[in-house]
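J.: Sequence and predicted structure are below.
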Amino acid sequence: MDVNLCTILIQAFFDLRPAFSRLRTAQWACLTVLGFCIRSDDSGVTSFIRAFGLRPSSYQALIDSFHSQAVKLEVLNQLWLRVCLRLFKPVIANGRIVLACDGIKAPKEGRKMPSVKLCHQSSTNNSKPDFVMAHSMQMLALMVEGLGGKITSVLIGSRIHEGLVFSNRDERTLLDKMSAMFHQITSGSSQGFLMVADAYYASAKLFTSMISQGATMLVRVKHNVVGYYPILDGKKQGRGRPKKYGKKLKIWNLFENRYDEFIEIQSPIRDERHLKVRYYVIDLMWKQIQGKVRFILSDHPTRGRCIFMTNDWELSPSEAIRLYNARFGIELSFKAFVHTIGGFGYHFWMKAMTKITRGTGTQYLYKATEEYREKVREKMHAYHVFVNLAAIAQGLLNYC
């Protein structure tokens, strides 16, 4: 059988069909994914019309397909994860599938687009402004192995997690929303998962959530992280309640105090076999979760010093160093998603929305009417459908 893009796409959509409650919506979604792959420009929805030579009357039908409630996003992400596990060779660490997460800002100047807000983006690139009007998204990606042992990432799901507050009792943070998205996408899978993230996600709340669901984490931590030695003797000494933690230790000081105890190995990072890496492992109590975690100190000759933290006791230090450095693959996927796929090229305005001004922050909707809130939810659904279909298109192109 001739394996080409159309063949792979049709086979993939047979598996994704349960995510659409209407056949026509599934057909429009299939056409959209193919359009992401073959269009010559990224000028929004009209580029799909030009790519396939459709009649102008098809434009409204295509717009309606993004807004349709026949698309079940959670089911779509779950099924796409299963398809990726079948198509690709996922990175496995101690029997756990490795996922990566990160946030990205999608610049938007629309004055009638819900959830657009003034976002801060930290970067060492001088061409990037410090603040930009954008949709703040968080994405989850599957780490996969390619030719020659190269590790890259395939985007699995994305959500806009900032800019809207529907209830004044909603106290969820970005970390809470990332945890919810992670469990929604991975629910129903019998396999374990290891999530790799940067220092922003080194949160006790996220760690606790992962532990409760049987998942593990590997994160980089800041230089000022501290740990505590466990209490070896539980006997009460003197007045007052017994101590929970022993002596406090600044982890970064171990680079100076115990450097002679570091173990030297060949760099586990791809194409760095000629380099040597030194590491040190110590298990300490982390007061934020009131439990024990493992700290891995890494000293790389060119990448510098770094501290990793994990609750996976079977993860070897060399594998932890390799996986975290491979996490950069999600940044490359972001770059291709923005500039090649055009995954943020949606321009869906909300006619009933009050115009916002530049510099506007979070939009609070708990005083708005239910009809207005429902229109906002519908528009957010359209944004999510567009971005997640673009992620599927990018994954299929990676496979090809």
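T.: All right, it came through fine.
J.: for the stretch 1-150 of the chain, which spans come out with low pLDDT?
T.: 1-3, 123-127, 148 (pLDDT under 70).
J.: which residues does Phe262 contact?
T.: Phe262 makes contact with 278-280, 297, 299 under the criterion Cβ atoms under 8 Å, 6 or more residues apart in numbering. C-beta coordinates here come from the backbone N, C-alpha and C atoms, glycine included.
J.: Which of those fall in strands?
T.: When DSSP state E is applied, the contacts of Phe262 are split such that 278-280, 297, 299 fall in strands.
J.: export those residues to TSV and tack on pLDDT, neighbour count and distance to Arg96?
T.: As requested, the ones in strands among the contacts of Phe262 are arranged in TSV below (pLDDT from 0 to 100; neighbours: other Cβ atoms under 10 Å; distance: Cβ to Cβ, whole Å):
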residue	pLDDT	neighbour count	distance to Arg96
Arg278	92	17	26
Tyr279	92	21	21
Tyr280	93	19	24
Leu297	93	21	23
Asp299	92	17	26
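J.: Give me the neighbour count for Ala26.
T.: Each residue near Ala26 was counted by other Cβ atoms under 10 Å, and the total is 19.
J.: residue boundaries of the strands in the stretch 201-350 of the chain?
T.: In the stretch 201-350 of the chain, strands defined by DSSP state E, counting those that start in this stretch lie at 216-221, 226-228, 248-250, 263-266, 276-286, 291-300, 304-310, listed in chain order.
J.: Could you identify which of the ones you listed is most buried?
T.: The highest mean neighbour count among the strands of the stretch 201-350 of the chain belongs to strand 216-221 (a mean of 22), with neighbours defined as mean count of other Cβ atoms under 10 Å.
J.: what comes into contact with that one?
T.: With contacts defined as Cβ under 8 Å, 6+ apart, strand 216-221 is touched by 96, 192-199, 201-202, 206-207, 210, 251, 295, 306-312, 315, 320, 323-324.
J.: again, only this time at 7 Å
T.: For strand 216-221, the surrounding residues in contact (Cβ atoms under 7 Å, 6 or more residues apart in numbering) are 96, 194-199, 201-202, 207, 210, 306-312, 315, 320, 323-324.
J.: which secondary structure elements does the helix ranked longest in the chain contact?
T.: The helix of greatest length in the chain, counted in residues with DSSP state H as the criterion, is given as helix 370-399. With contacts defined as 3 or more Cβ pairs under 7 Å, 6 or more residues apart in numbering; DSSP states H and E, helix 370-399 has these neighbours: helix 5-16, helix 23-38, helix 58-67, helix 73-87, strand 151-160.
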